[in-house]
Structure formats: C-alpha cells, structure tokens
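1. Need a 3D model of the following:
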Amino acid sequence: MENQKVSPWKANLNWGLILGFVMIIFSAILYFMDQIGNQKLSLVPFVIMIIVTYFGIKAYRDTFLGGFMSFGQALGSGVLINFYASIVGGIFTILLYSVIDPDLTQKLLVMSQEKMLEKGVSEAQMEQALSVTKIFMKPVIMAAMGVFSSVFFGLLISLILGIFLKNEGGPAAPAPQTESAE
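-> Numbers count the residues shown, from 1 in each chain. The predicted structure is shown next:
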C-alpha cells in the first residue's frame, strides 16, 4: 500500500472523535442510570481509552504510515487521539452541568457530604472540604481538568502502547546475491 501524505493531526482526528463519543455514551448511560459518582465503575473509562487508543494508533500506522511507525509517532498518535477525545468530552461536560442538568453539581456535593459523614469527618473539616470542592465544581473548570487529565492519562497509555505498536523496520530488502566459487 502506498503511503498517503497526511498530517498526524488530521489522520488521528477520526479516532479521537470516536473515543470522545464513546466516552459521552458511557457518561450518558451513567447519568440516566443515576450512577455518576459510582466508584466501582471508575476503571471502565480507562479500559475504553486503552482499547480505542490501541486501535487508533494501529490504524494510523497501517493506513497512513505503510505499516511502519517509530515509538515517537505512536506516542504522538495516541496523545492526539486522547486530546481530541478530551475536547469532545469537555464540551459534553459543560453541556451536562450547565444545560442538561444544572442541579447535578449540587447532587454530587450532597453525595460527597454523605460519604464524609459515613467516614466520621468532623463538621468543620466537612465544611472546609466542601468549600474547596465547590470551587472545582464549576462546569468550565471541570471541563478544563477533564481535558488535562485525559491528555495526561492518554500520554501514559500511549507510552505503553507505543512500545508494542512501533514497527521501525522497513520493507525487507532483497538478499544480496553471492557468487558461488566452483
């Protein structure tokens, strides 16, 4: 297959959008099932990120790089995929907490308060913790933190996947012909 000359930014856009929309669907399922904040489901987004990032890097290597990719190209591809997904996720976060359910922030604060009461946190400590938490519970701040954390975890995932997906060899060159001494 002939290599197609395309920017890595453009080549990884589709997989980034796929990852972003899969994460939105997962978040929407959690929202409609009233499971936002469920700690038991906190690893599922990481599994989704790993799977989609793997297939995205592999597709970039095989489709645009002729099956050959350096570790740096794999790393860059994975980070771009997660960057695009984080932008999509950030927009969804703003919409969810500002438009779809503006009371969701308050619900999460109440859940945090209940968890602190279960742990026996004093009233003064709880008030202090909630006052700090309220600062970070603004939709734009949540979206910005989501973008940063998604890119960071995407970097870590891409570092590992890059080791397995790199293929730095070139097409096999024909073996040199040696003359036999007869």
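2. Can you list the low-confidence ranges for this protein?
-> For the chain, applying pLDDT under 70 flags the ranges 1-4, 170-182.
3. Going along the chain, name the helices of it.
-> Applying DSSP state H to the chain gives helices spanning 8-11, 13-32, 44-64, 71-95, 104-119, 123-136, 139-165.
4. Pick the most buried one from those.
-> With neighbours taken as mean count of other C-beta atoms under 10 Å, these reach their highest mean count in helix 71-95, at a mean of 22. In this view, the C-beta of every residue, glycine as well, is placed from N, C-alpha and C.
5. relative to helix 13-32, how tilted is that one?
-> Angle, helix 71-95 to helix 13-32, by axes from the mean of the first three to the mean of the last three C-alpha atoms, to 10 degrees: 40 degrees.
6. Return the distance of helix 71-95 from the chain's centre.
-> In terms of C-alpha atoms, centre = their mean, to the nearest Å, the centre of helix 71-95 is found 6 Å from the chain centre.
7. Which elements pack onto it?
-> Helices and strands touching helix 71-95, by 3 or more C-beta pairs under 8 Å, 6 or more residues apart in numbering; DSSP states H and E, are helix 8-11, helix 13-32, helix 44-64, helix 139-165.
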